[in-house]
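*Asks:* Mind folding the following:
(chains A, B, C and D)
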Number of protein chains: 2
Amino acid sequence: MTTATPDPLDTVFAALADPTRRAILNMLLEDDMAVTDVAEPFSMSLAAISKHLAVLADARLITQEKRGRVKWCKLEPDALRAASVWMQGFGQFDPVDLDAFERFLETEFDHSGEAFSDTENAAEFDTNSADNRLD
Amino acid sequence: MTTATPDPLDTVFAALADPTRRAILNMLLEDDMAVTDVAEPFSMSLAAISKHLAVLADARLITQEKRGRVKWCKLEPDALRAASVWMQGFGQFDPVDLDAFERFLETEFDHSGEAFSDTENAAEFDTNSADNRLD
DNA sequence: CGGATCGTCAACCATCCGGTTGAATATCGA
DNA sequence: TCGATATTCAACCGGATGGTTGACGATCCG
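*Replies:* Numbers count the residues shown, from 1 in each chain, chains lettered A, B, ... in the order given. Purely as a prediction, here's the structure:
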């Protein structure tokens, strides 16, 4: 709904602030998934996951398309990139420079290392119970 | 305090999810500031700003050092970089669609190539009241 | 048709969050 | 010492969040 139309970064960062939702994004990195399949590894109700997905969709981090009776969830990385670029501004103590960003993408993406921790890919989430925390 | 020791990314993203706090970070990009000076451009109580700063400090986005009776706030970009790295894992997911990305940016950083600095520094914030919101 | 599956909705609950105000603490400076 | 300045603390409030359960509307399939 988003009746108040807040700053897009508000909703993006708020969506990213929840470990369950970040884990969902990691899962969707692999492939598009149905809601039920997204919910499967988590120890929480389907309704809760459905809400999380709604939050992600509201932040435009994912899109959802209903085909038949199953609703497919798809990662939508543009919003993430926007947030990422916002942060890059701090990393380099410089106003955002799209060209520099593009250069960055081209150079840094090829060493396709595992960028994120994969702590959250860990086959069985139980987001509350501190398994997936290392630092 | 942070009694529950949650994932660092939780607190970082949660801290970034508030426009007042992002504005504060932008201000600290310029220079270290005392709490009172941080509060000055905002139309909210000093106590509220003090709380915001505590949130930022808890997320390690800033550090605070008390010299005399004034507490200096200093930007600490390492945490931001960590979050940034996390997000880049998603960036490489796709061939980068810079056009779509740029469109998204425009909804966020309205005018000019000057991404932040002054859009949110605009002499008087009233973060709730829709001045700096355009979408 | 009728039953199983997919997903959301509605109500409810506990907790967190962002803000307020007023009092308290600490330090500076005359 | 006394008053002004800097900052936090404590209590409170309304609204958002994250979770639950149970009922419900669709859709598939035998």
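*Asks:* And the strands in chain A?
*Replies:* All strands of chain A, identified by DSSP state E, fall at A:33-34, A:62-67, A:70-75.
*Asks:* Is any residue of the first one near chain B?
*Replies:* No - applying CB under 8 Å from any CB of the partner chain, one finds that strand A:33-34 is not in contact with chain B, the shortest distance being 14.4 Å. No exception for glycine: its C-beta is placed from N, CA and C like everyone else's.
*Asks:* Check stretch A:13-21 too.
*Replies:* Yes - Stretch A:13-21 lies within reach of chain B by CB under 8 Å from any CB, at A:Phe13, A:Ala14, A:Leu16, A:Ala17, A:Asp18, A:Pro19.
*Asks:* quick revisit: make TSV from the strands of chain A and add mean pLDDT to it.
*Replies:* Shown next, in TSV, are these (pLDDT from 0 to 100):
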stretch	mean pLDDT
strand A:33-34	98
strand A:62-67	97
strand A:70-75	97
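*Asks:* For these, give me TSV that also has distance to DNA strand C and mean neighbour count.
*Replies:* As requested, those are exported to TSV (distance: least, CB to the nearest atom of the strand, whole Å; neighbours: other CB atoms under 10 Å in any protein chain shown):
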stretch	distance to DNA strand C	mean neighbour count
strand A:33-34	4	18
strand A:62-67	6	14
strand A:70-75	4	18
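*Asks:* so which of the residues of stretch A:13-21 next to chain B is the most crowded?
*Replies:* A:Leu16 (27 neighbours; other CB atoms under 10 Å in any protein chain shown).
*Asks:* Which residue is the nearest non-sequential neighbour of it?
*Replies:* Take A:Leu16 and drop its neighbours on the chain: the residue closest to it by CB to CB, 6 or more residues apart in numbering or on different chains is B:Phe13, 4.2 Å away.
*Asks:* what's near enough to touch the one you found?
*Replies:* Each residue near B:Phe13 by CB atoms under 8 Å, 6 or more residues apart in numbering or on different chains is listed here: A:Phe13, A:Ala14, A:Leu16, A:Ala17, B:Ala83.
*Asks:* out of those, who's near DNA strand D?
*Replies:* A:Ala14, A:Ala17 (CB under 7 Å from any atom of the strand).
*Asks:* wait, which of the residues of stretch A:13-21 next to chain B is closest to A:Val70?
*Replies:* Among the residues of stretch A:13-21 next to chain B, A:Asp18 lies closest to A:Val70 (CB to CB), at 24.0 Å.
*Asks:* So the closest one sits against A:His52, correct?
*Replies:* Yes - contact criterion CB atoms under 8 Å: A:Asp18 and A:His52 qualify, at 7.0 Å.
*Asks:* Check whether the longest helix seen in chain A comes near chain B.
*Replies:* Counting by DSSP state H, the longest helix found in chain A is helix A:77-91. Yes - Helix A:77-91 reaches chain B (CB under 8 Å from any CB) through A:77-91.
*Asks:* Now do the domain split for chain A, please.
*Replies:* Residue ranges for the domains of chain A, per automatic domain parsing: A:8-76, A:79-108.
*Asks:* coming back round to it: next, the angle strand B:70-75 makes with the longest helix of chain A.
*Replies:* For helix A:77-91 against strand B:70-75, the angle by axes from the mean of the first three to the mean of the last three CA atoms, to 10 degrees is 130 degrees.
*Asks:* Can you spell out which helices and strands pack onto helix A:77-91?
*Replies:* Helix A:77-91 sits against helix A:8-16, helix A:98-108, helix B:19-30, helix B:77-91, helix B:98-108, with contacts defined as 3 or more CB pairs under 8 Å, 6 or more residues apart in numbering or on different chains; DSSP states H and E.
*Asks:* Mean pLDDT lowest where, among those helices?
*Replies:* Among those, helix A:98-108 has the lowest mean pLDDT, at a mean of 42.
*Asks:* So which residues on chain A come close to DNA strand C?
*Replies:* Proximity of chain A to DNA strand C is confined to A:34-37, A:46-47, A:50, A:53-54, A:64, A:69-72 under the rule CB under 7 Å from any atom of the strand.
*Asks:* from these, which single one is nearest B:Pro8?
*Replies:* Using CB to CB, those come closest to B:Pro8 at A:Leu53, 24.2 Å.
*Asks:* which residues touch that closest one?
*Replies:* A:Ile24, A:Val35, A:Val38, A:Ile62, A:Gln64, A:Cys73.
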